[in-house]
Structures are given as structure tokens and as C-alpha cells.
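[1] this is a predicted model, with the sequence first.
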Amino acid sequence: MARDYLKKAPKTARTDASETRKIVMDILDTIEAGGDQAALDYAKKFDKYEGNVLLTADEIAAAAEKVPQKLRDDIAFAHDNVRRFAETQKSTLSEVQLDVVPGLIAGQKAIPCRAAGCYVPGGRYSHVASAIMTVTTAKVAGVNNITACSPPRPGEGVHPAIVYAANLCGADQILAMGGVQGVAAMTFGLFGLPKADILVGPGNQFVAEAKRILFGRVGIDMIAGPTDSLILADKTADPEIVAVDLVGQAEHGYNSPVWLVTDDRALAEATLTRVPELIEELPELNRDNARAAWRDYGEVILCGDREEMAACSDDYAPEHLTVQAEDLDWWLSRLQCYGSLFLGEETTVAYGDKASGTNHVLPTSQSAKYTGGLSVHKYMKIVTWQRATREGAKRVAEATARISRLEGMEGHARTADVRLAKYFPGENFDLSAAE
Ligand SMILES: NC(=O)C1=CN([C@@H]2O[C@H](COP(=O)(O)OP(=O)(O)OC[C@H]3O[C@@H](n4cnc5c(N)ncnc54)[C@H](O)[C@@H]3O)[C@@H](O)[C@H]2O)C=CC1
Ligand SMILES: O=C(O)[C@@H](O)CS(=O)(=O)O
Ligand SMILES: [Zn+2]
């Protein structure tokens, strides 16, 4: 059976992409030319903020005072889970070496980037969990200098719990600056910050586009833009939980897609009825976001069987993928494209978003086709090294000389020739290009 769209979205993640690109390019160019003052001008324009941007130790301590003990405990709990999961992931990265031929050893090392810029979103909601996700993983990876940067609220600055979490997790500096100007400040080394080797963290379409444009001169973790989520559900799923979970992630923003893929028409129809009702029950900001997200980006897709459902899901390559269906092991082994997978009704995306330990900085807009989410590995450079004895490199030198000569790279060939002549003066080698 072909995919039957009971609700089809009029918009996709590419809608307005070229307009966003133009806006971001212009801001980046202006800041690169104008430095600190240009970034401050944008902070004033977009966030109506004119306060101090690089937080002092006193400001960080004052923010901590405002965080209630219960929230501190929850932040510590989430931090501990994220840290231990990151440490376990790090343990999968080993330094290796191989005797490629007797007398020539080649090895792999993992070296952390020296300076990371962690973007912590804060336009619509106060993304405390993003501070935990980004700064903790950088710290576990061994990054030497970590900047956390987040949008300030007019007259208030960065939310105190974000400041508290970033500091607890190991940020060396906290910058009260959001959007493209925040990303630019960390990349260009404004306000006395070290220039970031890598930019990580989620953000809206402007933040994601800034990272995309700057990639190359600075590393990035991935494109982690507006949140998207897909639920795979069969007739065993609870329609109320499916609908609540869809609405839960649609509140992220007006451009956050949520999709239901099912082989059960009754479930699809119940969802179509229930989602708008649940949206209307949300507080105003959340309701406005979810309403627009569902109207413009929400989809309900009916498939013939679970194989078609899995294929459909892999085409969407969602950031968050939930399965509420029979035989979770089958789904775990079959599904190939997602940022993070939530198997069964007993867990849910929000657990991963906030506290369960897996990272919530995840690939959006189909980038899960080629990458996973944020982990210590994103901050680590896998580099190689080698050393050799004269005898061990002899055969390699002969092959190098002949291959280089065949390629027309005479300078390369001579670096091998000169060694063979020096180390084996009595021997004759045929180092001409193989015909
Ligand atoms: N993919 C992932 O792993 C995650 C993604 N997210 C996403 O992060 C995003 C957070 O978005 P926001 O709440 O907006 O916070 P944000 O911090 O990403 O963006 C706020 C900034 O956007 C800039 N901005 C706003 N309007 C602008 C305009 N017209 N032109 C240029 N710059 C402008 C402002 O400078 C402001 O500081 C959401 O889309 C959410 O879905 C959140 C967490 C995880
Ligand atoms: O895109 C995401 O990962 C978000 O769902 C994370 S959070 O809910 O904003 O913390
Ligand atoms: Zn979320």
C-alpha cells in the first residue's frame, strides 16, 4: 500500500531557508567587520539587552543564589546521568596501534579540541538541559576551555538556572548573548574569549544556519536546528499517550514538525481529533507554538504494514523517534535513521530531553541520515601517527618511490630515494615508475 497522508504538511524544514541564509550571512559579515560593538548592537536589536555580556564570578554566584534547592538537586541528577553516559561512550574510543609491517608501527590517538563554544538556546524557553548536555560532554571529552553562551532576557540577563547549570557542568566562561551574535562571538573570539575550535549545541533556524555557514573555519557538532519528532505506533499503542507525546514536542516552536506513522487507521483518526484538543489546553506561548507547528508541519501517515512504516520513518530521518508498537526488538534492529530512539510507552522523548542521560542535542532536518547526536566523540579528533625502523620502512620506501613517480610526483619519490640511498648504500633499487 502506498503511504496515505491523512494529514500532509504544507511546509518543510527547507521553507524560508534561503531567506534565513541571507539574514544570517549579513549578520555574520557585519560582526566580523565590526567586532564586539557590532555584536552588542545585535544583542540590543534582537534581545533588547544592554547589560554585561561576559559574566563575572560575582554574577555567576548571584545567579546560583536564585536557584531553589529542589531544582539544584534535579540539575545535579541530570548532570550525573549525562556525565556517566558520556564517560561510557568515551570508553569506546580507544587508542590503537598496529605493526603494519615488521618495523613500521601506525597508531590512532583521540585528541580533544582545545576550545569549545556551547550554544544554549533561550529565546522561547529557558533551556537549562541544553547547558547540561553541551558543557558536560565537552568536559568529559577533555576540552580545555569551554564557553557557554545563551540569550539574555531584557533587564534580566541569562536565566539563573542556565548560568547555574553551565557553571556546575564545567563552563570556563559564560556569555550572555544569543542567536547569530553569540555564535559569532565564540567563533571570532570576541569579548576576550578564546576562538572556538568547535561550536556545539542546538538553536533555532538562525543559530543552525550560522553554524552551517561557519563550518570549515570552525568545527560544528551537526545541524541541530528546530526540533522534529516522529512516532511509530501500531494498534497496541495508547492513542492518548501518542497524542500527548506529539503535542509535547510540537510546543518547541512554530516550525517544529511532529509526525505520526501508523498502520492503524483508528489510531490515526483518534490522533487527528485529539492533538488539536490537547494543544488548546496548553499555556499561551506553548499553545501558539504547537498550534502553528501542527498546522504547518504536522503529518499523519497511514502505511500498510510495519516494514512500510519503518521505511517511511527512515526517509524522514527524524531527530527523535518513538516506537509504541509490538516487538520492540524488531524495530531496534530494523530502524536506521534517527537521532535518538525511544522504545516503548514507558519512556518518552522528554526523558531524554531533560534527564535520562542520553544527549538531547540531536540532528534535525534529515541530518540523521548521516550523523548521530552530540557525544564526546564530536569533540575528539581521531588522529594517526607512525614511526619506523630503517629496515621496517624499506619496502614502503620502494613502493612510495615507484607510486609517486607513476603519479608524476617526483618530489615525493625523491624523499624515499634519499632514504634508501642513505640507509642501504650498497644496494641497487629499481625505483622507476612501473610501466
Ligand atoms: N536539535 C536539538 O537538539 C534541539 C533543538 N532545539 C531547538 O532550539 C530552538 C530554540 O529556539 P529559540 O527559543 O528561538 O532560542 P535560540 O536561543 O535558538 O534563539 C534565540 C535568538 O534568536 C535570535 N533571533 C530571533 N529572531 C531573529 C531574527 N528575526 N533574525 C535574526 N536573529 C533572530 C535572537 O538573537 C535570539 O537571541 C528551537 O527551535 C528548538 O526546537 C532545542 C533543543 C535541542
Ligand atoms: O530537540 C531537542 O532535543 C529538544 O527536544 C530538547 S528540549 O526539550 O528542548 O530540552
Ligand atoms: Zn523537547
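    Good, I have the coordinates. Ligands and ions are numbered 1, 2, ... in the order given.

[2] distance of Leu175 from ligand 2?
    20 Å (C-beta to the nearest ligand atom, to the nearest Å). Using the backbone N, CA and C atoms, a C-beta is placed for each residue, glycine as well.

[3] which SS state does that residue fall under?
    For Leu175, the assignment made with DSSP: H, G, I helix; E, B strand; the rest coil gives strand.

[4] same thing with Arg124?
    Remark: Arg124 carries the secondary structure label coil [criterion: three-state DSSP].

[5] isn't it right up against Leu285?
    Yes. Judged on C-beta atoms under 8 Å, Arg124 makes contact with Leu285 at a distance of 6.6 Å.

[6] more neighbours, these two?
    Between Arg124 and Leu285, counted using other C-beta atoms under 10 Å, Arg124 has the larger neighbour count: 16 against 11.

[7] hmm, the helix or strand hosting Asn167 touching ligand 1?
    Using DSSP states H and E, Asn167 sits in helix 160-169. No. Helix 160-169 lies out of reach of ligand 1 by C-beta under 6 Å from any ligand atom, never closer than 10.4 Å.

[8] now what about that helix, what contacts it?
    Applying C-beta atoms under 8 Å, 6 or more residues apart in numbering, the external contacts of helix 160-169 come out as 55, 59-60, 63-64, 66-67, 71-72, 75-76, 79, 118, 120, 122, 126-128, 131-132, 135-136, 139, 148, 150, 157, 174.

[9] so which of those residues are also by ligand 1?
    Among the contacts of helix 160-169, the ones lying close to ligand 1 by the criterion of C-beta under 6 Å from any ligand atom are 122, 127.

[10] show me the contacts of helix 160-169 that map onto helices.
    In helices, judged by DSSP state H, the following of those are found: 59-60, 63-64, 71-72, 75-76, 79, 128, 131-132, 135-136, 139.

[11] for ligand 1, what are the nearby residues on the chain?
    By the criterion of C-beta under 6 Å from any ligand atom, the positions of the chain lying close to ligand 1 are 23, 46-47, 121-124, 127, 130, 151, 178-180, 202-204, 206-207, 224, 226-227, 252-253, 256, 319, 360-362, 364.

[12] that older thread, filter the ones in helices among the contacts of helix 160-169 to the buried ones?
    59-60, 63-64, 75, 79, 128, 131-132, 135-136, 139 (16 or more other C-beta atoms under 10 Å).

[13] how about the residues of the stretch 1-150 of the chain near ligand 2?
    Near ligand 2, when you scan the stretch 1-150 of the chain using C-beta under 6 Å from any ligand atom, you find 127, 129.

[14] tally of neighbours for the residue of the stretch 1-150 of the chain found nearest ligand 1?
    Among the residues of the stretch 1-150 of the chain, Gly123 lies closest to ligand 1, at 2.8 Å counting by C-beta to the nearest ligand atom. The burial metric for Gly123, expressed as a neighbour count using other C-beta under 10 Å, is 18.

[15] equivalent analysis for Ala148, please.
    31.

[16] ok, now Ala243?
    When neighbours are defined as other C-beta under 10 Å, Ala243 has 23 of them.

[17] and what about the closest residue to it other than its chain neighbours, helix, strand or coil?
    Using C-beta to C-beta, 6 or more residues apart in numbering and skipping residues adjacent in sequence, the residue nearest Ala243 is Arg274, 3.9 Å away. Secondary structure of Arg274, reduced to three states by three-state DSSP: helix.

[18] please determine how far Arg274 is located from Glu299.
    Using C-beta to C-beta, to the nearest Å, we find Arg274 at a distance of 15 Å from Glu299.

[19] over to Val396?
    When distance is defined by C-beta to C-beta, Val396 is 56 Å away from Glu299.

[20] before we move on, the earlier item: and of the ones in helices among the contacts of helix 160-169, the nearest to Gln108?
    In terms of C-beta to C-beta, no member of the ones in helices among the contacts of helix 160-169 lies closer to Gln108 than Lys139, at 22.9 Å.

[21] contacts only, for Tyr49.
    With contact taken as C-beta under 8 Å, 6+ apart, Tyr49 is in contact with 43, 151-155, 157, 176.

[22] got a ChimeraX select line for the buried ones in the residues you listed?
    Buried residues among the contacts of Tyr49 (16+ other C-beta under 10 Å), as a ChimeraX selection:
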select :43,151,152,153,157,176
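
[23] and the contacts of Tyr49, which of them are in strands?
    Ala176 (DSSP state E).

[24] can you list the neighbours in contact with the helix or strand where Gln181 lies?
    According to DSSP H and E, Gln181 maps onto helix 179-188. Contact partners of helix 179-188, identified using C-beta under 8 Å, 6+ apart, comprise 24, 27-28, 31-32, 35-36, 39, 42-43, 46-47, 53, 117, 119, 123, 147, 149-151, 175, 177, 190-191, 193, 195-196, 199, 203-204, 206-207, 209-211, 214, 217-218.

[25] which of those residues are buried?
    The neighbour-count test (16+ other C-beta under 10 Å) applied to the contacts of helix 179-188 identifies 24, 27-28, 31, 39, 42-43, 46-47, 53, 117, 119, 123, 147, 149-151, 175, 177, 190-191, 193, 196, 199, 203-204, 206-207, 209-211, 214, 218 as buried.

[26] if we can go back for a sec, ok, so of the buried ones among the ones in helices among the contacts of helix 160-169, who is nearest Cys113?
    The shortest distance between Cys113 and any of these, using C-beta to C-beta, involves Lys139 and amounts to 12.3 Å.

[27] dihedrals phi and psi, whatever residue of the stretch 151-300 of the chain ends up closest to ligand 2?
    Closest to ligand 2 within the stretch 151-300 of the chain is Thr227: 3.4 Å, counting by C-beta to the nearest ligand atom. For Thr227, the backbone dihedrals (degrees, to the nearest 10) come out as phi -60, psi 140.

[28] so how far is stretch 423-435 off the chain centroid?
    With C-alpha atoms, centre = their mean, to the nearest Å as the basis, stretch 423-435 stands 51 Å off its chain's centre.

[29] what pLDDT, on average, does that stretch get?
    Throughout stretch 423-435, pLDDT has a mean value of 93.

[30] please begin residue numbering at 632 from this point
    Taking 632 as the first residue, the last one we looked at is stretch 1054-1066.

[31] next, the buried residues of that stretch.
    When burial is assessed from 16+ other C-beta under 10 Å, stretch 1054-1066 yields the following buried residues: Leu1062.

[32] flag every buried residue along stretch 715-728.
    Applying a neighbour-count criterion of 16+ other C-beta under 10 Å, the buried positions in stretch 715-728 are 716-717, 720-721, 724.
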